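Sequence unavailable; structure follows:
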């Protein structure tokens, strides 16, 4: 098994995709495989520094797969920029169906498909994605909590727990709040206004407020800090006012934080994630970031609410990367046995 070379290709729309592939690479390496990350090197090093991780081999690759790239009429495919993958025994492509045109037997990873998530998705790109799915019905690994309901019909789906980069650390001794929008598009402006509003007022008790780094100013009071997204920061967070992207939501839930969600309602990924989180009583959606903030404040001040939430978090599974690695390697071993019968 030590000779298995596995390429892990990440979508470029947010750090959550890099995070998932990095977590999978660690689990694969622990099992004797040789993973290679195709991700922006700067993002990989950021995670390695924040989490104290040793990186596998990294190919500096920035796929043209942001939201703006998908909505562009450009007919070129992001796979045109990939180097040859012939040397690899397996390829895993995170949220990127187009890999099947280059590598028909590749695995897909993620929880949704872009062409079924973004409104007004370019028809020619959507048609191509559906053709590839129909032709190959690929193997896919998705996080159980966030997997879109259509994945089972379009892929050979395997579901796993949530992907984590470190050990589970939970605490009920803090009242800190995280405010994050990631690459939030329209939500970023709203988040910025909320942070300015909070900064103009008094500190809410002993609470430290960790805010989206791009929206932080050193003129803000010292109880407002730029989020650094490290285990030490998350360990202090009791509530997260966020867009419910998989990466930030996972890290917040990992430490037992409750999610207070706001997002652009035409984003089907965010809408579905928020619905799933609410169904499991792990958080609630709000029509504005400001409403989410006030609810988060009430939560961190209410002991009974925090104890009730902790019970819901205990039901989640956080071994997604280990489970995914086992599925990949077990399937590869089975196919090799079949080949030589």
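Received it, and whenever you're ready, just let me know what you need. Note that this is a predicted model, so its numbers are computed, not measured.

Ends of stretch 68-83, what's the gap?
Taking Cα to Cα, to the nearest Å, stretch 68-83 runs 23 Å from one end to the other.

Could you pull out the buried residues of it?
Neighbour counts over stretch 68-83 (16 or more other Cβ atoms under 10 Å) mark 69-70, 77-79, 82 as buried. For every residue, glycine as well, the C-beta is placed using N, CA and C.

now stretch 155-171
Neighbour-count burial for stretch 155-171 flags 155, 158-166 (criterion: 16+ other Cβ under 10 Å).

tell me the pLDDT at the nearest residue to residue 130 once chain neighbours are set aside?
Distances taken as Cβ to Cβ, 6 or more residues apart in numbering put residue 115 closest to residue 130, at 7.3 Å, once the chain neighbours are dropped. With respect to pLDDT, residue 115 scores 95.

Based on its surroundings, how many neighbours for residue 115?
Residue 115 has 18 neighbours, counted by other Cβ atoms under 10 Å.

who's in contact with it?
Residues near residue 115 by Cβ atoms under 8 Å, 6 or more residues apart in numbering: 70, 97, 121, 125-126, 129-130.

ok but it is inside a helix, no?
Yes - assessed by DSSP: H, G, I helix; E, B strand; the rest coil, residue 115 belongs to a helix.

Chain neighbours aside, what residue packs nearest to residue 295?
residue 260 (5.2 Å).

okay but that neighbour is in contact with residue 286, surely?
Yes - using Cβ atoms under 8 Å, residue 260 is in contact with residue 286, at 6.5 Å.

With neighbour numbers in mind, choose between those two.
Set side by side, residue 260 and residue 286 show more neighbours around residue 260, with 28 against 19, by other Cβ under 10 Å.

Quick check: beta-bridge partners of that one?
Beta-bridge partners recorded for residue 260 (DSSP bridges): residue 241, residue 284.

where's it relative to residue 150, distance?
Residue 260 sits 28 Å away from residue 150, going by Cβ to Cβ, to the nearest Å.
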